[in-house]
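Participant: Starting from these lines, generate the structure:
(chains A and B)
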Amino acid sequence: EIVMTQSPATLSVSPGDTATLSCRASQSIGRDLAWYQQKPGQAPRLLIFDAFTRATDTPARFRGSGSGTEFTLTISSLQSEDFAIYHCQQYNVWPYTFGQGMELEVK
Amino acid sequence: EVQLVESGGGWVQPGRSLRLSCKGSGFVFADYPMSWFRQAPGKGLECVAFIGLKDGDVTTQYAASVKGRFSISRDDSKSIAYLQLNSLKSEDTGVYYCARDDFGDGFDIWGQGTVVTVSS
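Facilitator: Just a heads-up that it's a prediction; the model follows:
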C-alpha cells in the first residue's frame, strides 16, 4: 500500500502568518491527493482535491500544490479558525491511505 | 441540505457483531460511490471499505485489516449504506464515518460519525 508521510507532526504558527504543510507519497500518485481539515469532535472536511483544486467553500487563502510524490498545503494569513488538524489522502490506488495528520497550533 | 447520518455504533464485546448504517439525504444517493472510514482514539484516519455504483455487479473494496470480517452494502431505495462488522477486535474501536466519493474529486460529504467500542 502507498504510505503517506506528513511533516512536521506539529506546526506552531502565529495568526496572520503563513503555514506550509508537507505530504509525501511512497510512490507516484499523480495529482490524486486531497487535503482535509479536522477539528476536535468533528468529521474531516474536504479542503483541496486533485492536489490543487479548492473544494466548495474553501477560502482562497488555502493553496495546494505538487504532483507525483511531493505535495504542499499553504495557508496564508492564518485565521483563528484555521488552527486544526490537517490530513492528506491519496486516492490513486486502493487502499486509499492518509498521512498521520498534522496539528497546526497557535504559536 | 446534503448530509449523511451514521447510526448503529455502541459498545460490544470482542468476537461479536455490529451493523452500522449511513443514511444520505439532499442528493441522489444511487449516483455516488460510498466509503466507510474509521479513526481510533488519538490516531489518524483509515479507509476501511468502499462500494461502487449498483450498475450490474457492484464493486467493493476492503482494507487488509478488516477483509473477511467487515462487509459493505447499499440499499439505494432507502439511500442507506451499511457496514457489517463481524468478529470484532479491540483494535476496531474508534469513530466510524461514512463519506460520499465525488468520483475522484475527494470525499466531499462526511457524516458526523458513530462510535464503536470493542471491550470485554
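
Participant: give me the element the residue nearest the centre of chain A is part of.
Facilitator: Nearest to the geometric centre of chain A sits residue A:35, at 3.8 Å (CA atoms, centre = their mean). Following DSSP states H and E, the helix or strand that holds residue A:35 is strand A:33-38.

Participant: Name every strand pairing with that strand and say which way it goes.
Facilitator: Strand A:33-38 has the following strand partners under DSSP bridges: strand A:45-49 (antiparallel), strand A:85-90 (antiparallel).

Participant: Residue A:13 contacts residue A:102, correct?
Facilitator: No: because the distance of 11.5 Å does not satisfy CB atoms under 8 Å, residue A:13 is recorded as not touching residue A:102. C-beta coordinates here come from the backbone N, C-alpha and C atoms, glycine included.

Participant: Spit out the contact partners of the residue of chain B found nearest chain A.
Facilitator: Nearest residue of chain B to chain A, counting by CB to the nearest CB: residue B:106, 3.5 Å away. If you count contacts by CB atoms under 8 Å, 6 or more residues apart in numbering or on different chains, residue B:106 has them with A:34, A:46, A:48-50, A:55, A:89, A:91.

Participant: buried subset of those?
Facilitator: The neighbour-count criterion (16 or more other CB atoms under 10 Å in any protein chain shown) marks A:34, A:46, A:48-50, A:55, A:89, A:91 among those as buried.

Participant: so what's the residue nearest to the centre of chain A closest to, chain neighbours aside?
Facilitator: Closest residue to residue A:35 in three dimensions, ignoring its sequence neighbours and counting by CB to CB, 6 or more residues apart in numbering or on different chains: residue A:48, at 4.2 Å.

Participant: same check, this time on residue A:94
Facilitator: The shortest distance from residue A:94 to any residue other than its chain neighbours is 4.8 Å, reached at residue B:61 (CB to CB, 6+ apart).

Participant: Next, count neighbours for the one you found.
Facilitator: By other CB atoms under 10 Å in any protein chain shown, the residues close to residue B:61 number 17.

Participant: Might one say that residue B:72 is in contact with residue B:60?
Facilitator: Yes: look at residue B:72 against residue B:60 with CB under 8 Å: they come within range, at 5.5 Å.

Participant: Looking only at neighbour counts, state which of those two leads.
Facilitator: A side-by-side neighbour count of residue B:72 and residue B:60, using other CB under 10 Å, places residue B:72 first with 23 against 13.

Participant: Now name the helix or strand holding the more buried one.
Facilitator: Element membership of residue B:72 [criterion: DSSP H and E] is strand B:70-75.

Participant: who does that strand pair up with?
Facilitator: Applying DSSP bridges, you get strand B:80-85 (antiparallel) as the partners of strand B:70-75.

Participant: Using CSV, write down the CA coordinates of the partner strand.
Facilitator: Taking C-alpha atoms only, strand B:80-85 is exported to CSV below (Å, rounded to 0.1, in the frame of the first residue of the first chain):
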residue,chain,number,x,y,z
ILE,B,80,-28.5,3.9,3.0
ALA,B,81,-25.1,2.3,3.0
TYR,B,82,-24.3,-0.4,5.6
LEU,B,83,-21.2,-1.7,7.2
GLN,B,84,-21.5,-5.1,8.8
LEU,B,85,-18.8,-5.6,11.4
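
Participant: if we can go back for a sec, between residue A:13 and residue A:102, which one's more packed in?
Facilitator: Neighbour totals were compared for residue A:13 and residue A:102, and residue A:102 leads with 22 against 17 (other CB under 10 Å).

Participant: Please name the residues that touch the more buried one.
Facilitator: Neighbour list for residue A:102: A:6-11, A:21, A:85-87 [criterion: CB under 8 Å, 6+ apart].
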